[in-house]
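Trainee: Curious how this folds, go ahead:
(one chain, ligands or ions: 1)
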Amino acid sequence: MELKKVAEGKTKIVYEYSSSYYLLRFKDSITAGDGARKDEMSGKGTLNARTSAVFFKLLEENSIKTHFVGVYDDNTLIVKRLKMIPVEVVLRNIATGSIVKRLPIKEGEVFDPPIVEFFLKDDLRHDPLLNYSHLRYFKLLTKEEAERIEEVMMKVNVVMRKFLEEKGLILYDFKLEFGKDENGELIIGDEITLDSMRVRDKDNRIYDKDLYRRGEALEVVRKAYEDFLNIISR
Ligand code: C5P
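Mentor: Residues are numbered from 1 along each chain as shown. Okay, the predicted model is just below:
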């Protein structure tokens, strides 16, 4: 069956599937610097589809709504059709990455409570930070919706942190994207993978895309993604 493409991004393709579902196919591409650097890492699509499925199932088991319906094939998920909001929502437990460059915060500072940030999905402008006024001005989210999303982020954090902690892993930060279903309800879409979160173990081994961002060999990155999937699948 020839699948009709709905959208294609740097690392995933969305296809039509049925009147209520899409297919979400994970590519082998890995990118950094808003697409400035790009490589093909064979097997990555499968690793990220499987990793996403583990986390979406975990959230669903904890009564958090996601677009996950099921697994279609090795690198493809069946997902609910959503109208995606072009905003990246980041929750940070421990300071690293863009926040230590943007603000007078030191690498490794612990945020209690965690910090939640909204960014516009706009590679050309390097995903600028948004406040509630910006979100309203661009008709992306009302203040109430933004606050609801912050609550969901906190709940997701509690569930994912506990799950990872039990496996000896520390969740530094993660990014989620939200969409609306046909009833206008906010639902978690996109992916939950090592491309979109930062995870280290107690010995400070990095498992996530920071390895690629720091210029590690693709073989090292793939090994970390594989090891992580094995750990969370146990
Ligand atoms: O780069 P920054 O520190 O803002 O990233 C915060 C979190 O959001 C990290 O887990 C990173 O992997 C994720 N992220 C993402 N997509 C982006 C930017 C950041 O998934 N475009």
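Trainee: and stretch 52-70, how far apart are its ends?
Mentor: End-to-end span of stretch 52-70 (Cα to Cα, to the nearest Å): 11 Å.
Trainee: again, but for stretch 161-176
Mentor: 15 Å.
Trainee: In it, which residues are buried?
Mentor: 161, 163, 164, 169, 171, 172, 173, 174, 175, 176 (16 or more other Cβ atoms under 10 Å). All C-beta spots, glycine's among them, are computed from the backbone N, C-alpha and C.
Trainee: The second one contacts residue 58, doesn't it?
Mentor: Yes. Between residue 163 and residue 58 a contact is recorded at 5.8 Å, counting by Cβ atoms under 8 Å.
Trainee: Setting aside sequence neighbours, what's the nearest residue to residue 160?
Mentor: Nearest in space to residue 160, with sequence neighbours left out and distances taken as Cβ to Cβ, 6 or more residues apart in numbering, is residue 171 at 5.8 Å.
Trainee: next structured bit after the helix or strand hosting that neighbour?
Mentor: According to DSSP states H and E, residue 171 maps onto strand 169-176. Next in sequence after strand 169-176, counting helices and strands by DSSP H and E, comes strand 178-180.
Trainee: Give me the sheet partners of that next one and which way each runs.
Mentor: strand 83-84 (antiparallel), strand 186-188 (antiparallel) (DSSP bridges).
Trainee: Serialize the ones you listed to TSV and add fields for distance to residue 93.
Mentor: As requested, those are exported to TSV (distance: least, Cβ to Cβ, whole Å):
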stretch	distance to residue 93
strand 83-84	25
strand 186-188	18
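Trainee: Please work out which of these is packed deepest.
Mentor: Mean neighbours per residue, mean count of other Cβ atoms under 10 Å, is largest over these for strand 186-188, with a mean of 20.
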